[in-house]
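1. Quick one, what's the 3D model for this:
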Amino acid sequence: MSSDRLTPFSYCVLALVGRDGAGPHDLARMMRAQGGLYWAAAESQWYAEPKRLERLGLLRSSRQPGRTTPRTHYELTDEGVQRLREWLRQPSSLPRIQHEALVRVLAADLGRDDEVLASLEVLGDDIAEKRELIAEARERAGSLPHRERYLRLVHRLGDLLLDAHEQWLDEVEQELSRP
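-> Numbers count the residues shown, from 1 in each chain. I've put the predicted structure just below:
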């Protein structure tokens, strides 16, 4: 049985459903489009959480035509909007980060520097891929005029996070390459 408690992920779903509504497929697409840079969740959660939020009275669903079959479309209820507005007024904290590369560097004294460096090589490709996703998202921002300025702020954070990771990776490579 699911809890009635709202989690940070619940608020993420409510925010993405937003003013215009969204279906689970839209939420999963948005999640894939940001490449896990802002929110890491299994794709199945993007389908399950809206159902839970509907049972709690925060979302309502309707069936709308899809390409091949009807699709579920969620909209915020008045209570959902109210809960989201209450949450918006609460203080924010730094994000929790699960960072495998950082743990590998932390444990590098138990292995070999060259092996740790090799394990980090893919990060450069990941950074480049995420930059492309952000660029594509930036181009789409204009299609949501009511959210455009907020999306631009979100995309700017993405740029800064990628810059920080790139700089950190350069420093790690320099340090671990030294004898």
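
2. For Leu106, give me its contacts.
-> Leu106 makes contact with no residue, according to CB atoms under 8 Å, 6 or more residues apart in numbering. C-beta coordinates here come from the backbone N, C-alpha and C atoms, glycine included.

3. And it, how close does it get to Arg55?
-> Counting by CB to CB, to the nearest Å, the gap from Leu106 to Arg55 is 41 Å.

4. what's the answer for Asp20, then?
-> Taking CB to CB, one finds Asp20 at 22 Å from Arg55.

5. Equivalent analysis for Arg83, please.
-> 14 Å.

6. And Thr69, its phi and psi?
-> Per-residue torsions, Thr69: phi -140, psi 160 (degrees, to the nearest 10).

7. and Ser61, what does it touch?
-> Counting by CB under 8 Å, 6+ apart, Ser61 makes contact with Pro50, Glu54, Thr72, His73, Tyr74, Glu75.

8. Can you list the buried residues in the helix or strand containing the fifth one?
-> Applying DSSP states H and E as the criterion places Tyr74 in strand 71-76. Neighbour-count burial for strand 71-76, with 16 or more other CB atoms under 10 Å as criterion, is recorded at Arg71, Thr72, His73, Tyr74, Glu75, Leu76.

9. do the same with stretch 5-23
-> Leu6, Ser10, Tyr11, Cys12, Val13, Leu14, Leu16, Val17, Gly18, Gly21, Ala22, Gly23.

10. Can you show me the CA trace of stretch 93-103 as CSV?
-> Provided in CSV are the C-alpha atoms of stretch 93-103 (Å, rounded to 0.1, in the frame of the first residue of the first chain):
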residue,chain,number,x,y,z
SER,A,93,18.0,22.8,0.4
LEU,A,94,21.0,21.6,-1.6
PRO,A,95,20.2,18.5,-3.7
ARG,A,96,21.1,15.0,-2.7
ILE,A,97,23.7,13.7,-5.1
GLN,A,98,24.5,10.1,-5.9
HIS,A,99,27.9,10.5,-7.7
GLU,A,100,29.6,7.2,-8.6
ALA,A,101,32.6,9.0,-10.1
LEU,A,102,33.2,10.8,-6.9
VAL,A,103,33.1,7.6,-4.9
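
11. In contact with Cys12, which residues?
-> Trp39.

12. same for the worst-scoring helix or strand of the chain on mean pLDDT, what does it pack against?
-> Ranking every helix and strand in the chain by mean pLDDT, DSSP states H and E puts helix 24-34 at the bottom, with a mean of 82. Applying 3 or more CB pairs under 8 Å, 6 or more residues apart in numbering; DSSP states H and E, one finds that helix 24-34 contacts helix 8-17, helix 43-55, strand 71-76, helix 122-140.

13. For the longest one, which helices and strands make contact with it?
-> The elements that helix 122-140 packs onto, with contact taken as 3+ CB pairs under 8 Å, 6+ apart, are helix 24-34, helix 148-177.

14. Alright, I will stop here.
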